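Student: A structural model of the following input is requested.
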Amino acid sequence: MKLKQRISFSKDYTTALKCENLTANHTDFKVDFWSFFPYSINKNKTTTNSKHKGLFNMLTEKLTASTSLKIHWGQEQEYIKIINESRYTNLGSTNKMVLPITIETKSNDPCFVRIYESAGLAYVVRRNVKKPLNQLAGSFINGGQVIGLTLILTGIAGICMWLLDRRRNPGDFPPSFVRGSWQGFWWAFVTMTTVGYGDLAPKSVPARMFSILWMLLGLVAFSVLTANFTSSLAREIETDLNLFNKKIAVFKGGAERKAVADLGAQYKELSSIGSDNSGMIQALKDKSVEGLLIDKHYVVSDQKIIKEDSTIEIGKIIDFKLTWGLKLLMPKQEMCTVVKECIESFANELSFQNEAAELLSSTAISKDDETGGGSLFEDYEFFIILIVLFAVMTAAGVLWEYIYYNPRIIKQNQIDDEEAREMEAKKALKYIITNLEVEELCENCNCKVESIYKKEGVERLERLRNQNTSGCEMTKDMESKKDDDEKNGNAITKRLKKVVAL
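Tutor: Residues are numbered from 1 along each chain as shown. Model (predicted):
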């Protein structure tokens, strides 16, 4: 504990010692600034960031309170004016601080004062805002070549199967080329998709060997097709995150230019961030650039980028050391050295660095949820569309069932019942007529028999009379049967007459 106190006391003493060397010509400064939250802020404006201090606002307040420096903030300036002023070497008899600006690592200008080193840049890109149905349609369009190749391979496999199995298995693969090759195509397609309905199966040995080969090739072909659809439907922007050979928007005169050049990209210098004609965000939306490269602390604290604007998002963080500081404008360049040593010594104190880290952390905006984009199956709107489509199809089916199908079936059943009754009546009439015809035929037969008996003469009759008693009884039975047949014939005739009358 004592060691830390000694170190802190040593640093504070060093800062105080360096700032004691300031003369009256070195203490009074006017600040020219541009608003770049969280580094600098115009407190005279009411904004969403007004409850926070800018890093340079905090620095100048503490310098004024702890040293002999008297720092007065002037009017807010445009960024391009701040950049132009930072290139001046002196400014007559007036002392000025121009802030915040980025300072290149190798700069030896004694009037550049380094305050804070940011460890990264944010790469901002356009968000993928395609609607899921557009994504689905795009997946078919983009995958047209893969789909076509898969279908061609399936067609070739189907023809090969028809050639190999048409003689041994003409039932599944008919000898006709049109029918047989179509059956082969169907077999190849269901085999490739691993569905395998089993309605078609090769029987010859060569056909089965080819089936094994096609199963292996089909797995590969179907995997490629599936991967193509998956990559098209999923929300992926990895290709957009590669800066190589792309045009990136950066601040005019900023150190971000070196980062873009190191990554093999082209940079376009713009003088503002906003959505005006010269702004980087507008250039990104107009597709004149493919991304923005800005300090990460600004991006994570910008309400518009993080939450409000659904068309842009942070793609990734690029590791690049960016030094933020200020430019001293004094009558003589040599006078900057003393002020620079005082300010840098104060800014390098551990207490100030901790406060700076706390300030930058407190300005970061938490992102509650992901807006826009999403995969096809994660999109709420697409889910609602599916529910509505299912409900409409179900309602249409129920209406068709009760309004059209059921009445039609009932009417068809009534017609079938009437036809069945007519058929039964026709069958009954035909049966009765058939019986009558048979009876008439029997009567003719009887007449013929009687005539035969008469022609045979007396001898046959005498033989019949001379038969034994059993023979007589048999004759009596035959006569009784004949009487019965006549009675039955008369009854059938009566029934026929009744039917005809009906």
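Student: Gly291 is in contact with Val125, correct?
Tutor: Yes. The criterion here is CB atoms under 8 Å, and Val125 meets it with Gly291 at 4.8 Å. Yep, even glycine has a C-beta here, placed from its N, CA and C like the rest.
Student: helices and strands around the helix or strand hosting Ile384, which ones?
Tutor: Using DSSP states H and E, Ile384 sits in helix 380-399. For helix 380-399, the elements it packs on are helix 132-142, judged by 3 or more CB pairs under 8 Å, 6 or more residues apart in numbering; DSSP states H and E.
Student: After the helix it packs on, which helix or strand is next?
Tutor: Using DSSP H and E, the helix or strand that directly follows helix 132-142 along the chain is helix 144-165.
Student: what comes up buried for that next one?
Tutor: Counting neighbours by 16 or more other CB atoms under 10 Å, one finds that the buried residues in helix 144-165 are 146-147, 150, 153-155, 157-158, 160-165.
Student: likewise stretch 171-185?
Tutor: Within stretch 171-185, the residues scored as buried using 16+ other CB under 10 Å are 172-174, 180-185.
Student: just how off-centre is stretch 155-171 within its chain?
Tutor: How far stretch 155-171 lies from its chain's middle: 39 Å, per CA atoms, centre = their mean, to the nearest Å.
Student: Contacts made by it with the rest, please.
Tutor: 172-175, 177, 180-189, 192, 201-204, 206-207, 210-211, 214, 217-218 (CB atoms under 8 Å, 6 or more residues apart in numbering).
Student: just for the stretch 201-350 of the chain, where's the confidence low?
Tutor: Confidence mapping of the stretch 201-350 of the chain against pLDDT under 70 gives the ranges 232-240, 275-277, 308.
Student: Repeat the analysis, applying 90 as the threshold.
Tutor: Regions of the stretch 201-350 of the chain meeting the criterion pLDDT under 90 cover residues 218-244, 252-255, 271-279, 281-282, 285-287, 300-316, 320-322, 330-338.
Student: Let me see the ranges of the helices in it.
Tutor: Assigned by DSSP state H, counting those that start in this stretch, the stretch 201-350 of the chain shows helices spanning 205-233, 256-262, 280-285, 296-300, 303, 336-347, 350-363.
Student: Which one, of the ones you listed, ends up nearest to Pro407?
Tutor: helix 205-233 (43.8 Å; CB to CB).
Student: List the buried residues in the closest one.
Tutor: Buried, per 16+ other CB under 10 Å, within helix 205-233: 207, 210-211, 214, 218, 221-222, 225, 228-229, 232-233.
Student: Tell me which residues touch Lys81, please.
Tutor: Residues in contact with Lys81 (CB under 8 Å, 6+ apart) are 32, 34.
Student: how about the strand or helix carrying it: buried residues?
Tutor: Assigned by DSSP H and E, Lys81 belongs to helix 79-86. For helix 79-86, the neighbour count (16+ other CB under 10 Å) marks 79-80, 82-83, 85-86 as buried.
Student: cool, and stretch 83-101?
Tutor: Per 16+ other CB under 10 Å, stretch 83-101 contains these buried residues: 83, 85-86, 91, 95-101.
Student: And for stretch 386-397?
Tutor: Result for stretch 386-397 [16+ other CB under 10 Å]: no buried residues.
Student: ok, now stretch 288-302?
Tutor: 289-302.
Student: sorry, back to before: of the buried residues of helix 205-233, which is the nearest to Gln282?
Tutor: Gln282 has its nearest neighbour among the buried residues of helix 205-233 in Ser232, at 29.4 Å by CB to CB.
Student: Can you pull the poorly scored residue ranges out of the stretch 351-500 of the chain?
Tutor: 361-387, 390, 397, 401, 404-500.
Student: what about 80?
Tutor: 366-383, 416-500 (pLDDT under 80).
Student: picking up where we left off before, wait, which of the buried residues of helix 144-165 is closest to Ser366?
Tutor: Val146 (41.2 Å).
Student: what's the neighbour count on Glu341?
Tutor: For Glu341, the count of nearby residues is 19 (other CB atoms under 10 Å).
Student: list the contacts for the nearest residue in space to Ala259 that is not next to it in sequence?
Tutor: Counting by CB to CB, 6 or more residues apart in numbering, Ala259 lies nearest to Phe320, which is 4.3 Å off, once chain neighbours are set aside. Applying CB under 8 Å, 6+ apart to Phe320 gives the contacts 120-121, 256, 259, 262.
Student: And for Leu241?
Tutor: 123, 125, 315-316.
Student: Show only the entries of the buried residues of stretch 83-101 found in strands.
Tutor: Among the buried residues of stretch 83-101, the ones falling in strands (DSSP state E) are 96-101.
Student: Mind putting those residues into TSV with pLDDT and distance to Ser40?
Tutor: As requested, those are exported to TSV (pLDDT from 0 to 100; distance: CB to CB, whole Å):
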residue	pLDDT	distance to Ser40
Lys96	91	15
Met97	93	11
Val98	94	11
Leu99	93	6
Pro100	94	5
Ile101	93	10
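Student: Just give me the closest of the residues you listed to Asn406.
Tutor: Nearest member of these to Asn406, counting by CB to CB, is Pro100, at 79.1 Å.
Student: any idea how far Gly291 is from the closest one?
Tutor: Separation of Pro100 from Gly291 (CB to CB, to the nearest Å): 23 Å.
Student: Same question for Glu381.
Tutor: Distance, Glu381 to Gly291, using CB to CB: 27 Å.
Student: Tell me where the stretch 1-150 of the chain has strands.
Tutor: Ranges of strands within the stretch 1-150 of the chain are 28-33, 70-76, 96-103, 112-126, based on DSSP state E, counting those that start in this stretch.
Student: buried set for the longest one?
Tutor: When burial is assessed from 16+ other CB under 10 Å, strand 112-126 yields the following buried residues: 112-116, 118, 120-126.
Student: Turn the strands of the stretch 1-150 of the chain into TSV, including distance to Asn245.
Tutor: TSV is the format used below for these (distance: least, CB to CB, whole Å):
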stretch	distance to Asn245
strand 28-33	36
strand 70-76	37
strand 96-103	24
strand 112-126	15
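Student: Those strands: which one's closest to Glu20?
Tutor: Here strand 70-76 is closest among the strands of the stretch 1-150 of the chain (CB to CB), at 15.2 Å.
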